[in-house]
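**Q** this one's sequence-less:
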Ligand SMILES: Nc1ncnc2c1ncn2[C@@H]1O[C@H](COP(=O)(O)OP(=O)(O)OP(=O)(O)O)[C@@H](O)[C@H]1O
């Protein structure tokens, strides 16, 4: 059984087609990443799945059952950590977490221990009596997470939870997500940061313009494309003729010069670096530092769409 089962979802905002016959299938136990640039439809997909938005067409099942706005039994099993921090300014940290937990858990005694656990989980023990405006951006994000997870949901949606947080909070958020997953929650994680998605996700869907472009594990996605290695060589100058010679090498799929370095996308070969350096040496071009790296998810996005994930 898929824990999230979305078929043929269409969502329009007037003339903008935000989701265009979108399918999504997630298995229990996954940390599933939705990766795409701003505006690709990630938040819209989540909000439709959660019935926070109406949609034009499509079928959404959660836990094997049809999801509708009044399926409170299903909503109880779901946690949401929205993109924009959504907490009450007039409530303290503890009161905020308790308020959101109370939407799902009536028993006060039980709630007290759940709220304690959530506070400990996000490391806000020293701030329980603070009001949100006294918290830094990173701590506010952690409060937002605690509000979404205190009721111990089976399925948790995180919508870009690390935007505008410091690296330390970012790491603690990612570790926290993996811990929730280890403790049994299925996670859906949206981001436009490929490094994060690579780091924590068991499977990844690459999205653009409301379409699912490709889905697979990190390795599967990278195996779908021709690029096997990306070479970067620092050079002071490179004329078009020489760039043409590099591009004509049999293992080179594409090459660019940005004023400081030659970058070449190559197939998976053993002589890529020596071939490229050979062309430069023959032409008498002095080289600086040289890098050779396996492909990234940006290469996958680039090869499928013709544009970079991050401009
Ligand atoms: N309320 C709205 N009214 C009109 N258009 C909208 C609305 N919300 C989103 N859109 C449009 O729908 C498309 C998908 O937006 P969405 O916010 O789902 O993308 P996203 O991948 O989550 O991006 P971001 O990370 O910036 O939130 C975009 O073209 C966006 O401009």
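**A** Cool, got the structure. Source: prediction; values computed, not measured. Residues are numbered from 1 along each chain as shown.

**Q** Every contact and neighbour count from this point should use C-alpha atoms.
**A** Will do.

**Q** Pull up the residues of the protein that are close to the ligand.
**A** Applying C-alpha under 6 Å from any ligand atom, we find that the chain lies next to the ligand at 13, 18, 36-44.

**Q** which ones are touching the nearest residue to residue 97 once chain neighbours are set aside?
**A** Nearest residue to residue 97, sequence neighbours excluded (C-alpha to C-alpha, 6 or more residues apart in numbering): residue 147, at 4.6 Å. When contacts are counted by C-alpha atoms under 8 Å, 6 or more residues apart in numbering, residue 147 touches 81, 96-98, 100-101, 118.

**Q** closest to the ligand among those?
**A** Using C-alpha to the nearest ligand atom, residue 81 is the member of these that sits closest to the ligand, with 13.4 Å.

**Q** got a winner among the contacts of residue 147 for most neighbours?
**A** Compared across these, residue 97 has the highest neighbour count, 29 neighbours, by other C-alpha atoms under 10 Å.

**Q** before we move on, the earlier item: would you check which pair of the contacts of residue 147 lies furthest apart?
**A** Greatest spatial distance in the contacts of residue 147: 81 and 98, 15.3 Å, computed using C-alpha to C-alpha.

**Q** what's near enough to touch the residue positioned nearest the centre of the chain?
**A** If you average the C-alpha coordinates of the chain and look for the closest C-alpha using C-alpha atoms, centre = their mean, you land on residue 191, 2.7 Å from that point. Neighbouring residues of residue 191 by C-alpha under 8 Å, 6+ apart: 33-36, 159-160, 197.

**Q** now residue 272
**A** Applying C-alpha under 8 Å, 6+ apart, we find residue 272 in contact with 251-252, 266.

**Q** who wins for neighbours among those?
**A** The member of the contacts of residue 272 surrounded by the most neighbours (other C-alpha under 10 Å) is residue 266, with 26 neighbours in all.

**Q** ok, it touching residue 231?
**A** Yes: checked against C-alpha atoms under 8 Å, the pair residue 266 and residue 231 is within contact range at 7.5 Å.

**Q** Does residue 253 belong to a helix, a strand or coil?
**A** Secondary structure state of residue 253, per DSSP: H, G, I helix; E, B strand; the rest coil, is strand.

**Q** right, and it touches residue 269 too?
**A** No: the pair residue 253 and residue 269 fails to qualify as a contact (C-alpha under 8 Å) at a distance of 11.8 Å.

**Q** So those two - more neighbours on which side?
**A** More crowded of residue 253 and residue 269, by other C-alpha under 10 Å: residue 253, with 17 against 11.

**Q** Against residue 261, how distant is the more buried one?
**A** Computed with C-alpha to C-alpha, to the nearest Å, the distance linking residue 253 and residue 261 is 17 Å.

**Q** in the stretch 201-311 of the chain, which spans are strands?
**A** Per DSSP state E, counting those that start in this stretch, the stretch 201-311 of the chain has strands spanning 203-208, 211-216, 229-235, 252-257, 261-266, 287-293. These are given in chain order.

**Q** Need the ones you listed in CSV (columns: mean pLDDT).
**A** CSV is the format used below for the strands of the stretch 201-311 of the chain (pLDDT from 0 to 100):
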stretch, mean pLDDT
strand 203-208, 95
strand 211-216, 94
strand 229-235, 94
strand 252-257, 93
strand 261-266, 94
strand 287-293, 94
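
**Q** Mind putting those strands into JSON lines with distance to residue 273?
**A** Putting the strands of the stretch 201-311 of the chain into JSON lines (distance: least, C-alpha to C-alpha, whole Å) gives the following:
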{"stretch": "strand 203-208", "distance to residue 273": "29"}
{"stretch": "strand 211-216", "distance to residue 273": "29"}
{"stretch": "strand 229-235", "distance to residue 273": "7"}
{"stretch": "strand 252-257", "distance to residue 273": "10"}
{"stretch": "strand 261-266", "distance to residue 273": "9"}
{"stretch": "strand 287-293", "distance to residue 273": "7"}
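
**Q** Specify the stretch among those strands that is closest to residue 60.
**A** With C-alpha to C-alpha as the criterion, residue 60 lies closest to strand 211-216 of the strands of the stretch 201-311 of the chain, at 15.9 Å.

**Q** Pull the residues that contact that closest one.
**A** Under the criterion C-alpha under 8 Å, 6+ apart, external residues in contact with strand 211-216 comprise 19-23, 40-41, 203-207, 221, 304.

**Q** at 7 Å instead, please
**A** By C-alpha atoms under 7 Å, 6 or more residues apart in numbering, the surrounding residues in contact with strand 211-216 are 19-20, 22, 203-207, 221.

**Q** Many thanks, I have nothing further to ask.
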